[in-house]
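>>> Sequence and predicted model, in that order:
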Amino acid sequence: MYHRFNENKYPSTNIRMEVFHEQMQIIKNSNYEFYDPEIFITEFDKRKDNKKVLITIDDGFKSFYNEAWPYLKKNQIPFILFISTEPVGKNGYMNWDEIREIEKSKLGYIGHHSHTHEYLINMSDDQFIEDIETSSRIFKDKLGYVPSIFSYPFGEYSLFMKNYIIKNFDLAFGQHSGVIDLNKDKFELPRFPINEKYGDLDRFKSLINYFPLEYKNLKPEEKKINIVGNPPILTIEFFENQQNIKNINCYSNDGGKWNKPKLEIKDQTLTINFKEKFLPRRGRINCSLNDNGKWRWFGTQFTIVKN
């Protein structure tokens, strides 16, 4: 997941183009294919024999159009571009002519990223629905259709929001890290964030070689956590054929710092007990498993609200 390109004053969402070039070359040198978004959507429920890499870009910043788009076009690399409709055409953002240019190229698949890109989880249910419907009306007017895939702004969502998205879209992406497999919830798909802090080449090489940590169930389903439910108890039920669960390592940012939570394993179920409450705004949990030399990765995110 990328945002800005060569906007060095925003290191948390920026990637330098020379690093981006090297990252794309690492993917090619690893003999991984770039996933065409349309094929990704249509064959999501099919088991894949070979790993592919899906490139996603959020927000439609002008720096993407000026810096990354010429490179992706020249190298015929497909990608998803998630657009929030309210900022389109404003300073620092792409305009509709540029978005249509990318959409018509068949390399760029346009995704829905809300209207305002505000903290939607803070809105009332009606305000949230109005935000999404406003954006959908604008997409219909400007592109002739409403995109079928969604990206939650800031990776934040409640169960109500998710259930609304399920009724209106085919897939939805968060901002928690992980590797997609056919057992992942279609409306909580993970992505690895790539920026100046988390985009160095050694880490990138590791990321693209991770395997998914597949599971049957994950609870709680509600990812919006208030004072009463903080911290939650996270349980993950793995498939019967998943071996080496005892090798799992997890880290969480409860208490405002990264900790190793208490893990309990019974049969194929992992229970994670956090040591402290999560601080607003996001609680993150990442787990890795050395599975006979294959490194598997799983991540999830809670949104912590004050009331």
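Everything's here; your move.
>>> what's the spacing between Lys262 and Asn247?
16 Å (Cβ to Cβ, to the nearest Å). Glycine gets a C-beta too; all of them are placed from N, C-alpha and C.
>>> right, I mislabeled it, should have said Val305
35 Å.
>>> quick one, which of those two is more surrounded?
Taking neighbours as other Cβ atoms under 10 Å, Val305 and Asn247 compare with Val305 leading, 17 against 12.
>>> Could you verify my assumption that that one touches Ile121?
Yes - the criterion here is Cβ atoms under 8 Å, and Val305 meets it with Ile121 at 6.9 Å.
>>> Overlap of the contact sets of those two?
Lys224 (Cβ atoms under 8 Å, 6 or more residues apart in numbering).
>>> was I right about Ile272 contacting Ile265?
No - using Cβ under 8 Å, Ile272 is not in contact with Ile265; the gap is 10.2 Å.
>>> okay, these two: which has more neighbours?
Ile272 (20 against 13).
>>> Using the three-state scheme, assign that one.
Secondary structure, DSSP: H, G, I helix; E, B strand; the rest coil: Ile272 is strand.
>>> quick check: domain ranges of this protein?
Structural domains assigned to the chain are 4-209, 215-304, following automatic domain parsing.
>>> Enumerate the positions of stretch 150-165 that are buried.
Neighbour counts over stretch 150-165 (16 or more other Cβ atoms under 10 Å) mark 150-158, 161-162, 164-165 as buried.
>>> could you dump those to TSV with pLDDT and secondary structure?
Formatted as TSV, these follow (pLDDT from 0 to 100; DSSP: H, G, I helix; E, B strand; the rest coil):
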residue	pLDDT	secondary structure
Phe150	98	strand
Ser151	98	strand
Tyr152	98	coil
Pro153	98	helix
Phe154	97	helix
Gly155	97	helix
Glu156	97	coil
Tyr157	98	coil
Ser158	97	coil
Met161	98	helix
Lys162	98	helix
Tyr164	98	helix
Ile165	98	helix
